[in-house]
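In: Any chance you could fold what I've pasted below:
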Amino acid sequence: MTEQREARRSPWLMLTVLCVGQFMTLLDTTIVNIAIPDMVDGLRASLDQVLWFVNAYMIVFAALQMLAGRLGDRYGPQRMFAAGLVVFTAASAACGMAQSPTQMIVTRVIQGIGAAVMMPQTLTLLTAVFPAARRGAAFGIWSAVAGLAAVAGPTLGGVLVDGLGWRWIFYINVPLGVLAVLATFVFVPDIRLGRKARLDVPGVLLSTAGLFLISFALIEGQRYDWGTITSFIGIPLLGAVGVLLLVLFVLLQRSGQARQPLLPFALFRIRTSAVSGVLGAALMFGSVGVLLPLTIYVQSALGLSAVQAGLAIAPAPLVTLFVAPLTGKLLARFGGRVLVCLGFLAFAAGIALMAALAGPDSSRWVLLPGLLVFGVGMGLAFGPVSTLAVRNVPPALLGAASGVFTTLRQVGTVLGAAVIGAMLQARLAHELVSESARRAAELPAQLRPGFEEGFHQAADKGIEVGTRGTDSMQGLLTDVPERLRGQVGGLAGEVFGHSLTSAVQAGLLLAAGVLAAAALLALLLPGRDLAAGGGGTAAPETASLEQPVEG
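Out: Model prediction:
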């Protein structure tokens, strides 16, 4: 009987269940983008509504993870993970059946709630169940799956949309979700890591509202040109109110540290946790910072389909998948400082290499060296950062620590998408105008004003992923004599290719710069002595499966 129970409770089988849940939640942050044209037609949606198909999920996902981590402390991470899976799976089915834009937005919000409830529990369970000696490998695999999910979105989405229709990007979650829910109660132990946490209602309201407003401002800022939304309400105001609410939240937490607050300040006295939280945000900033420009580049500049684009970028997460499981032993041998610093530097170097090699007419294979290098960097950094974030956290604070860490990661994701996206659009607009003015000199005088005006209009429209650029500039050829159309069309393609490549290079270099700066921060992590389990004033190791507290 005992052997059967241990077989059911194998930590590696549990890891598989957790990875399935994490894969689905992260996949749904990117998979919708590729189906937007079909969803516009199928639901008769406006541009504003379509953007909310993506952003409603992202904003709720970012805002609720800190609360979800504390709920895991109160009710148990296994139960909360299962509850999140049920909500996410049911909402996925509802998304697939949506008949109007409003229904889609509402169901995407509910889907985001399920995802937010799930995510912090995965970190808590991995830390609590895996013994210290095997935790690094487990976190490595968990982190590699996260990278794979980010890249798989466009590829899998393209296959499903082309083969079965856009509704299947949601329906695909239903059988996986049902199986994962059943497997959760078989393979995931119902552990208790401390006394039941009280629910800090004022803290919940302030933190959730603050994170929601900041996430909204970052995600929607570019669409409103970082200005007015309606009447006196604008992006700067929403961002400022969000920051103010978070300041009030911190002040409230400071006065209630003796009463099980939502944010225990003790976490920030554990240096590895505090530093790793910031590094986790930087990693996600860098991940978005490389995947967003690369996706645009291979589709809009090189003209690859969604499936081809996903396959072109896939070498990086595949390398990560092989490297990540090795980081547990490397962490014990070299320590977090050396390993994470090298990982960040390799991540940054790979991105910079791609920026240097990318050209308007390059082959997709020119990206391969950089992809391999940054894949190694991801593999070296992701797992150890997650491990160190919760390594020395007392069991009673593990849910809170997981919620804070996953919240910071999601904020890094939102911030990366906002900052890199804004840079891409601004740099593309500038390059289109300046490059078209420079190259217009090669045309007859009567064609130059129309040529430049066409690119001014294209700059206002922004990047259209999946087009070759000249597809959105056919107006340039309207008044061009037949004998000159080939020359004008060819020149337009060169202007667009140069401008887009320059914008993508700028975005990649910004991401590389953030990661290089994070490598310096990684020097604050503990060295080999603490990584091996000794030294320092850290709290004792968390519980493992060998001595769980069953509920």
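In: Check which residues of stretch 392-412 are buried.
Out: 392-412 (16 or more other Cβ atoms under 10 Å). All C-beta spots, glycine's among them, are computed from the backbone N, C-alpha and C.
In: residues touching the nearest residue to Phe265 once chain neighbours are set aside, list them.
Out: The spatial neighbour of Phe265 that comes closest, neighbours along the chain excluded (Cβ to Cβ, 6 or more residues apart in numbering), is Gln257 at 5.7 Å. Neighbouring residues of Gln257 by Cβ atoms under 8 Å, 6 or more residues apart in numbering: Pro264, Phe265, Ala266.
In: Of those residues, which is the most crowded?
Out: Pro264 (20 neighbours; other Cβ atoms under 10 Å).
In: ok, it touching Leu398?
Out: No. Pro264 is beyond contact range of Leu398, at 10.7 Å (criterion: Cβ atoms under 8 Å).
In: give me the number of residues near Gly375?
Out: Neighbour tally, Gly375, other Cβ under 10 Å: 27.
In: The closest residue to it other than its chain neighbours: what's it in contact with?
Out: Leaving aside its chain neighbours, Gly375 sits nearest to Val319 (3.1 Å; criterion: Cβ to Cβ, 6+ apart). Val319 is in contact with Leu371, Leu372, Gly375, Val376, Met378, Gly379, counting by Cβ under 8 Å, 6+ apart.
In: swap the cut-off to 10 Å and go again
Out: By Cβ atoms under 10 Å, 6 or more residues apart in numbering, the residues touching Val319 are Ala144, Gly147, Gly350, Leu371, Leu372, Val373, Phe374, Gly375, Val376, Gly377, Met378, Gly379.
In: From Gln22, how far out is Phe88?
Out: 11 Å (Cβ to Cβ, to the nearest Å).
In: Backbone dihedrals for Ile229, please?
Out: phi -90, psi -50 (degrees, to the nearest 10).
In: ok, now how distant is it from Leu238?
Out: Distance of Ile229 to Leu238, given as Cβ to Cβ: 8 Å.
In: repeat for Ala258
Out: 33 Å.
In: where in the chain is pLDDT low?
Out: 1-9, 47-48, 147, 150-151, 154, 193-199, 260, 458-489, 528-551 (pLDDT under 70).
In: So which residue is dead centre in it?
Out: Nearest to the mean C-alpha position of the chain, counting by Cα atoms, centre = their mean, stands Thr413 at 4.4 Å.
In: Now do the contacts for the residue nearest to it when sequence neighbours are not counted.
Out: For Thr413, ignoring the flanking residues on the chain, the nearest one in space by Cβ to Cβ, 6+ apart is Met284 at 4.4 Å. Met284 is in contact with 146, 150, 382, 408-417, counting by Cβ under 10 Å, 6+ apart.
In: same deal with Gly21?
Out: Here Gly21 is in contact with 81-82, 84-85, 88-89, 114-115, 118-119, 121-122, 176-177, 180-181, 183-184, 188 (criterion: Cβ under 10 Å, 6+ apart).
In: Please apply the same query to Met58.
Out: Counting by Cβ under 10 Å, 6+ apart, Met58 has contacts 28-29, 32, 108, 112, 115, 215-216, 218-219, 410, 413-414, 417.
In: Out of these, the closest to Ser273 would be?
Out: Gln410 (17.0 Å; Cβ to Cβ).
In: mind checking which helix or strand the closest residue to that closest one other than its chain neighbours is in?
Out: Nearest residue to Gln410, sequence neighbours excluded (Cβ to Cβ, 6+ apart): Ala62, at 4.2 Å. Using DSSP states H and E, Ala62 sits within helix 47-63.
In: after that helix comes which helix or strand?
Out: helix 65-75.
In: Now do that next one: which elements does it pack against?
Out: helix 77-97, helix 101-129, helix 201-220, helix 398-439 (3 or more Cβ pairs under 10 Å, 6 or more residues apart in numbering; DSSP states H and E).
In: can you map out the strands along the chain?
Out: Listed in chain order, the strands found in the chain under DSSP state E are 228-230, 233-234.
In: Which one of these lies nearest to Val288?
Out: strand 228-230 (23.8 Å).
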